[in-house]
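Q: next one to model:
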Amino acid sequence: MRVIILGDGGHSRVIQEMIFTNEKYEVIAILDDKYEQGFQTKGIIHAPIAYLARLNNYQTNIVVAIGNNRIRKNLVEGLNLLPENYLSLVHPTAVISGSANIGTGTVVMPNAVINAKAEIGMHCIINTGAIIEHDNTIGEYTHVSPNATLTGNVTSGEGVHVGSSATIIPGMHLGNWSVIGAGSTVIEHIPAYSKAVGSPTRIIERILSK
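A: Residues are numbered from 1 along each chain as shown. A predicted model of the protein is given here:
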């Protein structure tokens, strides 16, 4: 399976290792706008993202390897490709319930756990060791950071960022584009476009919607 990776930062390097160790994938290009012009290394093209138009076809799958939720969303919407153009990746050490659903373009990192009836939206990142418990609904472009735990029946809107080792107690809702600080404990619903930190969390900032 031919793969094009979009993004070549720290998050991308983790994804690259996931792909390079799986023999069914063949990486043909790593595209990032930090490259002003194209070049090849070990048969892999490195070039600006605009180079995608020369490479993409029905035999190619795309992985958006960008950790920032807003940038990831803007890139996907700007490309205006069909969902089937995007590849979902699940690390072999992740534990995924047979009744869970993983959205197109989502990446599930090493040792993550996604339990029964969880619904994960498109283009999410479920990072290393994160736990998504039963009956959670995770909105598109959400990033659940390493070792964060979303206990049962949690819902999140679009673009939510859950910091490392945060805990969300059962039944909570995280509004669109909210940010939960690392190590926080969420015991109340978090409004959209809010930044919450602490244990228990408190709102410390309102985030611009754009």
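
Q: quick check: mean pLDDT of stretch 203-210?
A: Averaging pLDDT along stretch 203-210 yields 78.

Q: and the residue nearest in space to the middle of the chain, how far is that from residue 95?
A: If you average the C-alpha coordinates of the chain and look for the closest C-alpha using CA atoms, centre = their mean, you land on residue 125, 2.1 Å from that point. Remark: distance between residue 125 and residue 95 (CB to CB, to the nearest Å) = 17 Å. Using the backbone N, CA and C atoms, a C-beta is placed for each residue, glycine as well.

Q: residue 36 too?
A: 42 Å.

Q: show me which of those two is the more surrounded one.
A: Taking other CB atoms under 10 Å, residue 36 and residue 95 do not tie; residue 95 has more neighbours (13 against 7).

Q: how many neighbours does the nearest residue in space to the more buried one that is not next to it in sequence have?
A: Computed as CB to CB, 6 or more residues apart in numbering, the closest residue to residue 95 that is not its neighbour in sequence is residue 113, at 4.7 Å. Neighbour count of residue 113, defined by other CB under 10 Å: 18.

Q: which residues touch residue 113?
A: 94-95, 130-132 (CB atoms under 8 Å, 6 or more residues apart in numbering).

Q: what sits opposite it in the beta ladder?
A: For residue 113, the beta-bridge partners under DSSP bridges are residue 95, residue 131.

Q: picking up where we left off before, by neighbours, which of the contacts of residue 113 wins?
A: For these, neighbours tallied by other CB under 10 Å; top is residue 132, 30 neighbours.

Q: touching, that residue and residue 144? I think so.
A: Yes. Residue 132 lies in contact with residue 144 (CB atoms under 8 Å); the separation is 6.7 Å.

Q: joint contacts of these two?
A: 126, 138, 150.

Q: dump these to TSV, plus distance to residue 75.
A: As requested, the shared contacts of residue 132 and residue 144 are exported to TSV (distance: CB to CB, whole Å):
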residue	distance to residue 75
126	19
138	20
150	25
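
Q: now, which of these sits nearest residue 21?
A: residue 126 (18.6 Å; CB to CB).

Q: next up, the contacts around that closest one.
A: Residue 126 touches 94, 106-109, 112, 114, 120, 132, 144, counting by CB under 8 Å, 6+ apart.
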